[in-house]
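>>> coords please:
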Amino acid sequence: MATGEQPTVLVVEDEPAQRELLAYNLAAEGFRVVQAENGEDGLLLVDEENPDIIVLDWMLPSVSGIEVCRRLKTRTDTRSIPIIMLSARTEEVDRIRGLETGADDYVVKPYSIPELMARVRAQLRRVRPATVGQQLTYGDILLDAESHRVFRNEAPLKLGPTEFRLLATFMEKPGRVWSREQLLDRVWGRDIYVDSRTVDVHVGRLRKALCQNGGDDPVRTVRGAGYALG
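Coordinates of the predicted model:
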């Protein structure tokens with residue numbers, strides 16, 4: 001998975017061996033992994049890293065996993081981040097409590113690593129479908145993430161790799177306004193320094209590519225905020 005396309009997984013787990021095992025397997029699956037050993041650090045990293053998905057242990061020092069989940073799901077800027085709750089609690093009442101607090105999935109310890117990876121990918125399909133090879137459509141535009149091809153009115157379009165990732169980001173959440181900084185994180189990656197003005201250049205190239213066979217420009221500039229599709 002290329003830099004800038006790696007979904008970020010935040011692992012919040014206080015047991016070092018479990019945390020390292022999760023991080024190792026998630027990295028092997030192609031994810032960018034950020035780790036926290038307690039709930040307080042986990043909450044800070046959510047703000048700093050803007051993860052695509054969170055794997056969250058229930059029993060944590062300082063702030064419990066349930067409380068971390070509750071806080072994130074009551075915030076408008078973080079409520080859409082999928083949370084997979086890990087817990088040694090096997091009772092139905094505990095599973096219900098975790099899900100009612102806002103967890104998107106609940107996995108009982110000890111768990112199967114392959115099954116957990118499958119659950120992570122399943123949640124990711126909801127929020128970043130292009131990264132798992134799905135086709136995306138918006139109006140007359142079709143993006144085939146697996147074959148890395150884009151069509152408009154069934155005619156193929158020529159896009160560079162950066163423009164392809166930009167379009168995939170826009171098409172995953174049509175109507176959402178993305179700031180330049182958010183696009184830099186999502187498309188280029190946090191480990192690469194790119195001037196924010198570069199975003200404007202590549203958005204311009206994307207617009208030109210989308211209209212190469214005619215048709216209206218679907219990318220909207222939101223003054224003082226960023227860009228959106230539609």
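>>> what comes up buried for stretch 171-184?
Under the neighbour-count criterion of 16 or more other CB atoms under 10 Å, stretch 171-184 has 171-172, 178, 180, 182-184 buried. The way it works is simple: take the backbone N, C-alpha and C, and place the C-beta from them, glycine included.
>>> scratch that, stretch 107-120 is what I was asking about
107, 116-117, 119-120.
>>> tabulate those (JSON lines), appending secondary structure, distance to residue 13 and pLDDT.
Converted to JSON lines, the buried residues of stretch 107-120 look like this (DSSP: H, G, I helix; E, B strand; the rest coil; distance: CB to CB, whole Å; pLDDT from 0 to 100):
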{"residue": "107", "secondary structure": "strand", "distance to residue 13": "12", "pLDDT": "92"}
{"residue": "116", "secondary structure": "helix", "distance to residue 13": "12", "pLDDT": "94"}
{"residue": "117", "secondary structure": "helix", "distance to residue 13": "15", "pLDDT": "93"}
{"residue": "119", "secondary structure": "helix", "distance to residue 13": "15", "pLDDT": "92"}
{"residue": "120", "secondary structure": "helix", "distance to residue 13": "14", "pLDDT": "93"}
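>>> need the residue closest to the centroid of the chain.
residue 52 (2.8 Å; CA atoms, centre = their mean).
>>> residue 200 in helix, strand or coil?
helix (DSSP: H, G, I helix; E, B strand; the rest coil).
>>> let me know the pLDDT of it.
Residue 200 is assigned 93 on the pLDDT scale.
>>> grab the nearest non-local neighbour of it.
residue 180 (7.5 Å; CB to CB, 6 or more residues apart in numbering).
>>> show me what contacts the one you found?
Contact analysis of residue 180 by CB atoms under 8 Å, 6 or more residues apart in numbering lists 196, 199-200, 226.
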